[in-house]
Each structure stands twice: as structure tokens, then as C-alpha cells.
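[1] no FASTA, just this:
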């Protein structure tokens, strides 16, 4: 920003088109004027070193480099400089010893988001977690403020509906008695109380925040309707909100951590079935192809952690029966027919994920597993009528072919596959493998699109090892079962 012309210059040039502009900005890297404070100078040194073979070598800059080399405080940053000087090779391997200096040799605890950074691009992980490079913080209302506030709305809504209920029966009764109008009134009350608090603790952007609350209120009502249906039209009840796990083992010295938005449980007297729910304001959805490529494994990581925790607490057999995103987003579907628009919006808001059901001795899906999720399906199945759930991915043809569900064995295989991939990523990190290898879902969606480190990376698509999403949906599940195993 310091070298960027003032906006005043542009304004003056608009008024006087023939005005000639001269500046005294230094563009020669050999000039000593770039050598100032250590933090500013090492930034210039980085730019100089990453110039793809055109780096300027002078006595002054060689002396500067030696000064940083003799100062242990800058060891980690010099790793990046050495990487930049060899950048045309596109392979960033810092070696085991340097990796251990940056990341340590002991137990490592990963969050799902941290693992996803590496899966999206190893070099980005190196920048963020190896060198602790950060984007400049900008004051104001960030996008994640909307998401955090929406999460709190939903959580508060659920707690008010249950109103201290303890048993599964008491909770189910609360949800079944709740009317649509009562649900919307509850959201409005939470919004009014939140706005009042914001006005009391006045800040320079208080009014903007109040406007955001108005938008959130409208958005959350659609998501709350899905929450309402998922807890009133089946046998699952809430078992925890914002459930935290701090250190769950997935391999030798490799652990995972995180916070699950909501955990639902159904107990049939023989086995406990767990449903993982994550409220999502962004565009991330459940995509088995991405998971096969180690990208967006968050929900399965949560399922692994909760399943292990439940088994340890209750010392009984448990099974993950579903992992779902509960979307929090605006209704942007327009139609001349209001009823059609409402149906499309309902379909768009359904839980996004995958359901796992037990099978009988012949390998057929046990229908009672599905009725436990959506009791409304029972009459349609028994009478051979086409069915489409309005809050889950479940559908059924007139021939009683059920879609939107996988087997328990596939669920077990998926969790084992992801556990193995977490350990695999940990091994690559500790070997110091941080190549520029961005992941692309399609021609329009790349991990480079919003990367904060593009300037340091100097990304050139034709030279980098771009990883593209591959495999059809069926092939993905087949590979996951083959690699992850799964109980017979």
C-alpha cells in the first residue's frame, strides 16, 4: 500500500487530462533504500528471491541475507526465502529436519479446517501453519460474523423449545407440540433481544449489526423449519449442542479436535444410533468425490470423534447413522407460482449429507432404520406410493426403490478411510512435502480463488501440479469400501 499512488492523484488527473505525472518511487531492487527495519527488509528480500531467476544479486543484498542467516529469530522465514530461490522447480520439500523444527516431533492435534488447508494446497498450509503468515485484519463486520450469529440463533432456538427437557420422550414431545407460528415467534423473540443488546452496547457499526440481525432472522426461519421437522417427524432427539472434542486418537501420535454443532441420538434398546448435524452458512456441501480426494472431510472427522466418545461413555455398541449439513441461507428461488417457489425452497433447504442404515441377512435396507428418521415414509412404502422427504435426501420410487441412503458397512468404511487419510496427511507434513498443488473441483472452482498467499506462491497454472476432482459417485464409494474396509 505504501507504493500505491494516492487517490487524490487520480482525481486531479481526471480534471487535467494532459497533466504529466512524475514520481520518485524506487523500482530497482539493488537500491539501498529498501534496506530499513528487519520486518520490512525481509519482505523485500522475499520478493527479490521469488522473481523466477531474475533476482538481483548485489553486495548489499548478500550482506542483508547473511545478517538474517545469523539471526535465529528469522530461521523459519529464511526457509521460505530458500524455497522461493528454487521456485521454478515447483516442488517445495523442506526436508524432515526442517519440518520437525517447524511442526515438532511429538503428538499433533489437527482440526478439520487445518487438515482441509493442506488438502486444498500443501504450500498454503506451509505458509499458514509453518511460517504463521496471516492476512491483514480489517475492522468491521466479517462474513464469519454472520455465520457465528446464525449459529447462536439456531442453538438458542433449540434450547428454548426444549426448555430444560431431559429425557428423549420429553424432548420429542416438545418438538411435536411446537407449531409453525410458535417456531417463527420464537425466532423473532431471539432477534428482538439480540438487537436490544446491540443497541445497549453501542459501537460505531451497531446499526449495521442490527441490519444483519434482520437479515439473519429471515434466513434462520427456513433453517429452523428443517430443524423442527428433523426432531419431530422421527425418533431422534438432541444429545448435545456445541459438543467439543479436544484430542481423539486416529493414529500413532495423530489426533483430531473440533466442535460439533449438534449431535442427535436414537436408541432402539440394542444399539445407539448417532446423527451428526453441522449448521452451514457457506456453499460447502457433502460431496463424496471431494472426500475421496481428502478435501472437506470435516463431517466424517466429527463422526469419528463422537462415535468414539459415545462408545467410551456408555460402553455399548454405537453406529453413525447420518452426517448432515443443515443449511442456513436465504430463499433466492423466484417463481410466478408461490406454491411452486415454496416447494423448491423446501427442497433446496433439505439436510445435505448421507444416511447409513442397517441391512438384513439378505443385504436389504432395514426400513425401520429409515422410519426412525422420517416416520412419514412408512405409509408411502407400505402402499407403494412414490415418496420424497421434505427435510432429508430420502426418496422412494413406486417400485419401493429407496435412494439417498448407504449401508452401515459403507459408513464404517468411510470413517476408516478418513482416519487413514488424516494419518497420511500428517506423514506428508512431517516429511516436509509442501508442493504447490492446488485442488480444483471444476474449471470454475479452485482452491487458488481465495488464497491469501498467491503473491508468495507466484502461481502459474501451467507449471503447477493441479489436482482435479475425479471419479463418478459410484466409483468413489467402491474405492472407499475397498480402501477403508468396513465391517462385514
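    Perfect, I can see it now. Keep in mind that this is a model prediction, so the values were computed, not measured. Numbering: from 1, shown residues only.

[2] got any ranges where the stretch 351-488 of the chain has weak pLDDT?
    Residue ranges of the stretch 351-488 of the chain with pLDDT under 70: 443-445, 458-466, 469-474, 486-488.

[3] could I get the full set of strands for it?
    Taking DSSP state E, counting those that start in this stretch as the criterion, the stretch 351-488 of the chain contains strands spanning 352-357, 387-388, 395-396, 402-403, 405-407, 439-442, 445-446, 467-468.

[4] what residues does the last one touch?
    Applying C-beta atoms under 8 Å, 6 or more residues apart in numbering, the set of residues contacting strand 467-468 from outside is 293, 437-440. Placement of C-beta: from N, CA and C, glycine included.

[5] recalculate using a threshold of 10 Å.
    Here strand 467-468 makes contact (C-beta atoms under 10 Å, 6 or more residues apart in numbering) with 119-121, 293-295, 437-443, 446-447.

[6] with the third one instead?
    Among residues not part of strand 395-396, those counted as contacts by C-beta under 10 Å, 6+ apart are 367, 370, 377, 380-381, 384-389, 401-405.

[7] if you set the cut-off to 6 Å instead, what comes out?
    Residues outside strand 395-396 that contact it (C-beta atoms under 6 Å, 6 or more residues apart in numbering): 387-388, 402-404.

[8] of those - the most surrounded one?
    Neighbour counts for the contacts of strand 395-396 (other C-beta atoms under 10 Å) peak at residue 387, which has 20 neighbours.

[9] just grab the bridge partners of that one for me.
    Judged by DSSP bridges, the bridge partners of residue 387 are residue 396.

[10] in stretch 394-411, what's buried?
    For stretch 394-411, a neighbour-count test (16 or more other C-beta atoms under 10 Å) marks 394, 396, 402, 404-411 as buried.

[11] need the max-distance pair from those residues.
    Farthest-apart pair in these is 396 and 409; separation 21.4 Å (C-beta to C-beta).

[12] list the buried ones in stretch 99-108?
    So for stretch 99-108, counting by 16+ other C-beta under 10 Å, buried means 99, 101-103, 108.

[13] what's around residue 45, how many residues?
    Using other C-beta under 10 Å, residue 45 has 23 neighbouring residues.

[14] tell me the first helix or strand C-terminal of the helix or strand where it lies.
    Following DSSP states H and E, the helix or strand that holds residue 45 is helix 38-49. Elements were assigned by DSSP H and E; along the chain past helix 38-49, the next helix or strand is helix 59-69.

[15] from the chain's centre, how far out does that next one sit?
    Using C-alpha atoms, centre = their mean, to the nearest Å, the distance from the centre of helix 59-69 to the centre of the chain it belongs to is 41 Å.

[16] list the helices and strands the helix ranked longest in the chain packs on?
    In the chain, taking DSSP state H as the definition, the longest helix is helix 206-232. Packing partners of helix 206-232 (3 or more C-beta pairs under 6 Å, 6 or more residues apart in numbering; DSSP states H and E): helix 143-162, helix 168-177, helix 180-200.

[17] closest to residue 67 out of these?
    Across the helices and strands packed on helix 206-232, residue 67 has its closest neighbour in helix 143-162 (39.4 Å, C-beta to C-beta).

[18] closest to residue 229 among the buried residues of stretch 394-411?
    The closest of the buried residues of stretch 394-411, once distances to residue 229 are taken by C-beta to C-beta, is residue 394, at 12.2 Å.

[19] over to the closest residue to that closest one other than its chain neighbours: give its phi and psi.
    The shortest distance from residue 394 to any non-neighbouring residue, by C-beta to C-beta, 6 or more residues apart in numbering, is to residue 404 (4.6 Å). When read as degrees, to the nearest 10, the backbone of residue 404 gives phi 90, psi 20.

[20] now swap in residue 257 and tell me
    With angles defined as degrees, to the nearest 10, residue 257 sits at phi -140, psi 160.

[21] wait, isn't it in contact with residue 248?
    No - the pair residue 257 and residue 248 does not pass the contact test of C-beta atoms under 6 Å, sitting 7.2 Å apart.

[22] more neighbours, the two?
    Higher neighbour count among residue 257 and residue 248: residue 248, with 20 against 16, using other C-beta under 10 Å.

[23] tell me the secondary structure at the more buried one.
    Judged by DSSP: H, G, I helix; E, B strand; the rest coil, the three-state class of residue 248 is strand.

[24] for it, name its beta-bridge partners.
    Under DSSP bridges, the beta-bridge partners of residue 248 are residue 256.

[25] what's it in contact with, if anything?
    So residue 248 contacts 255-256, 305, 308 (C-beta under 6 Å, 6+ apart).

[26] distance of it from residue 424?
    17 Å (C-beta to C-beta, to the nearest Å).
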